[in-house]
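Q: have a look at this prediction, sequence included:
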Amino acid sequence: MTWPIGISVYFTIWWVCLFVTLPFGVRSQHEEESYLQGTDPGAPVAPKLLKKALWTTVLSAVVFAGLWYVMNLEQLGLFD
């Protein structure tokens, strides 16, 4: 795998993992006691996007490492 292809594959995996991690730990306004009038009741109270971006980076690195390993099994000499 060349560097540009590896970066684009990692970027794609990162976005997919972001959409996987976005719903975790989100509480909407109608689930909280303090509800702001005039806002969407389904809007998140505290989405914690930085924390989710860090978890997404870790998860996508693990997925990418597994993909890289599987793609390079023959070069690593495991199929001899």
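A: Sure thing, it's come through. For clarity, every value in this text was computed on a predicted model and none was experimentally measured. Numbering: from 1, shown residues only.
Q: ok, Thr57 - contacts?
A: Shown in contact with Thr57 (CB atoms under 8 Å, 6 or more residues apart in numbering): Trp14. Just so you know, the C-beta spots here come from the backbone N, C-alpha and C atoms, and that holds for glycine as well.
Q: which residues in this structure form helices?
A: Secondary structure of the chain (DSSP state H): helices at 3-21, 49-71.
Q: pull out the buried positions in the last one.
A: Going by neighbour count (16 or more other CB atoms under 10 Å), the buried part of helix 49-71 is 52, 55-56, 59-60, 63-64.
Q: one more: the first one?
A: Buried residues in helix 3-21, counting neighbours by 16+ other CB under 10 Å, are found at 9-10, 13-14, 17-18, 21.
Q: and the residues you listed, which is closest to Val70?
A: Using CB to CB, Val9 is the member of these that lies nearest Val70, at 12.4 Å.
Q: one step back: okay if I get the buried residues of helix 49-71 as a markdown table plus pLDDT and distance to Ala43?
A: What follows is the buried residues of helix 49-71, written out as a markdown table (pLDDT from 0 to 100; distance: CB to CB, whole Å):
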| residue | pLDDT | distance to Ala43 |
| --- | --- | --- |
| Lys52 | 95 | 16 |
| Trp55 | 96 | 22 |
| Thr56 | 97 | 21 |
| Leu59 | 97 | 25 |
| Ser60 | 97 | 27 |
| Val63 | 97 | 30 |
| Phe64 | 97 | 33 |
